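>>> Sequence and predicted structure, then a few things I'm wondering about:
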Amino acid sequence: MTATDIRTAAIARALFAARFGADAVGTWSAPGRVNLIGEHTDYNDGFVLPFAIQHRTHVALAPRADGVFRVRVASTFDDATVEVALDDLDALFPAQRDDVPEWARYPLGVAWALLAASGTDPQAVAGVDLAFASDVPVGAGLSSSAAIEGATAVALADTWGIDLDRVALAKVGRRAENEAVGAPTGIMDQMASLLGRADSAIFLDCRSLDAQVIDLGFADAGLELVVIDTGVKHSHATGGYGERRAACERGATALGVPALRDVSVDDLPRLAELVDDVTYRRVRHVVTENQRVLDTVRTLREQGPTAIGDLLVASHASMRDDFEISVPELDTAVEAALAAGAVGARMTGGGFGGAAIALVAHDKVQAVTDAATAAFAAAGFAAPTIFTVTPSAGAARD
């Protein structure tokens, strides 16, 4: 564990003691993620290339000593403690999810989905208390939500003796996010958080869920991945994300295929005759982005990370112009990083805010940082938060 991990886990344990008047039996944690390339392809059965980062969410947990079949959750995010009977989770999700704060829907949703996925009777497991602390930036597109889900899933599976593999736990997290929270996301974030490995990315086929570990080689190439957090908050549960997903479904229906995974670049001229311009451009982004993921994996294997810059830049242009999920702050970050000598740069995450990433030679990190900061000031934007991330291990008991 890093010094930050030790500190954040201690915060979770201290919160547990303060809220529940007892000591936790242990802490578990799961990382956020950066998606190197492959945006909005996951729910279209496509390809993605994320990696887990060193920023993690920690959960302190103990079974309830009073024999009550209830789950209580507390978090540094909120002064409230939320308590629900395990038997009531089925009634709460998804029909009455608005009865609990949004942050609490993530861990409670995981408890609900985990019991369902394993066929476990809520009366057959112990009630539990959980307290969360995190150093994953919220709203930056680094999947703080999947970090909560992954930490909760491994902690509850261990505590309740539920033997599900990591892919099954990722599906639990996705169901929690889709149905308990109401965010129509794919499975990429959960898979990255649960399967991450040091110095590597996860090349994920979102249809088969086949996952391959891809050596990134950043350190050997003298490269760092810089995150430029714009500070512009986004929420996947709001309309923009859902509208784009609906456009993707319209495009697949027009072409008579199950998902846009089944569409090639060569099919795009025919699609243009079948749908409106907006739907066409949404589909074009997903189809070309899938190809960019495949090209990035091949390029990493054959030429190394210094050769993927143009693919990152093309990905950003596609999200800006075709999928229209960038914002001026993200465009400014990408343009400033490239002007300061970054190998490549793009927005990352669901869009409408969040962060950009830049692949940068070690000796140019400060120049990129200074350039982005100056560009934001010149544009009248609030100063960005800029830091580097390291490909790291996935969810585990601390």
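Structure received.
>>> just so I have it, where are all the strands in the chain?
Ranges of strands in the chain, per DSSP state E, are 26-37, 47-63, 70-75, 78-85, 128-134, 200-205, 211-215, 223-229, 344-348, 355-361, 385-389, 396-397.
>>> got TSV for the ones you listed, with distance to residue 305 too?
Placement of C-beta: from N, CA and C, glycine included. What follows is the strands of the chain, written out as TSV (distance: least, C-beta to C-beta, whole Å):
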stretch	distance to residue 305
strand 26-37	9
strand 47-63	12
strand 70-75	36
strand 78-85	40
strand 128-134	28
strand 200-205	10
strand 211-215	9
strand 223-229	6
strand 344-348	9
strand 355-361	7
strand 385-389	14
strand 396-397	26
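>>> closest to residue 300 out of those?
strand 211-215 (6.0 Å; C-beta to C-beta).
>>> what helices or strands is that closest one leaning on?
Counting contacts by 3 or more C-beta pairs under 8 Å, 6 or more residues apart in numbering; DSSP states H and E, strand 211-215 packs against strand 200-205, helix 277-302.
>>> so which of the ones you listed is the most packed in?
Counting by mean count of other C-beta atoms under 10 Å, strand 200-205 has the highest mean neighbour count of those, with a mean of 22.
>>> what is the orientation angle of that one with helix 277-302?
Interaxial angle, strand 200-205 versus helix 277-302 (axes from the mean of the first three to the mean of the last three C-alpha atoms, to 10 degrees): 130 degrees.
>>> so how far is strand 200-205 from its chain's centroid?
13 Å (C-alpha atoms, centre = their mean, to the nearest Å).
>>> Tell me which strands it pairs with, and in which orientation.
Its sheet considered, strand 200-205 pairs with strand 47-63 (antiparallel), strand 211-215 (antiparallel) by DSSP bridges.
>>> In JSON lines: those, plus mean neighbour count and distance to residue 309.
What follows is the strands paired with strand 200-205, written out as JSON lines (neighbours: other C-beta atoms under 10 Å; distance: least, C-beta to C-beta, whole Å):
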{"stretch": "strand 47-63", "mean neighbour count": "26", "distance to residue 309": "15"}
{"stretch": "strand 211-215", "mean neighbour count": "16", "distance to residue 309": "17"}
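>>> What separation do you get for the residue positioned nearest the centre of the chain and residue 52?
Taking C-alpha atoms, centre = their mean, the centroid of the chain lies closest to residue 143, which sits 3.1 Å from it. Remark: distance between residue 143 and residue 52 (C-beta to C-beta, to the nearest Å) = 9 Å.
>>> Which neighbours do the two have in common?
Listed as contacting both residue 143 and residue 52 by C-beta atoms under 8 Å, 6 or more residues apart in numbering are 32, 33, 192, 193.
>>> Looking at the closest residue to the second one other than its chain neighbours now. What's its pLDDT?
This points to residue 33. Excluding the flanking residues, the one nearest residue 33 by C-beta to C-beta, 6 or more residues apart in numbering is residue 192, at 3.9 Å. Here, the pLDDT recorded for residue 192 equals 95.
>>> cool, and residue 238?
58.
>>> Now tell me which helix or strand of this structure has the poorest mean pLDDT.
Here the helix or strand of the chain ranked lowest by mean pLDDT, DSSP states H and E is helix 239-255, holding a mean of 92.
>>> re earlier: what's the farthest-apart pair in the shared contacts of residue 143 and residue 52?
Maximum pairwise distance in the shared contacts of residue 143 and residue 52, criterion C-beta to C-beta, is 8.7 Å, between 32 and 192.
>>> overlap in contacts of these two?
With C-beta under 8 Å, 6+ apart, residue 32 and residue 192 have common neighbours 52, 143, 146.
>>> so the last one makes contact with residue 187?
Pointing back at residue 146 there. No. Using C-beta atoms under 8 Å, residue 146 is not in contact with residue 187, being 9.5 Å away.
>>> quick one: which of these two has more around it?
A count of neighbours by other C-beta atoms under 10 Å puts residue 146 above the other of residue 146 and residue 187, at 34 against 22.
>>> hmm, back to that, including mean pLDDT and distance to residue 120, could the strands paired with strand 200-205 go into CSV?
Listed next are the strands paired with strand 200-205 as CSV, based on pLDDT from 0 to 100; distance: least, C-beta to C-beta, whole Å:
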stretch, mean pLDDT, distance to residue 120
strand 47-63, 97, 15
strand 211-215, 95, 26
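>>> now do the same end-to-end measure for stretch 35-54.
End-to-end distance for stretch 35-54: 14 Å, by C-alpha to C-alpha, to the nearest Å.
>>> Could I get the full set of helices for the stretch 101-250 of the chain?
Taking DSSP state H, counting those that start in this stretch as the test, the helices found in the stretch 101-250 of the chain are 102-118, 144-160, 166-175, 188-195, 239-255.
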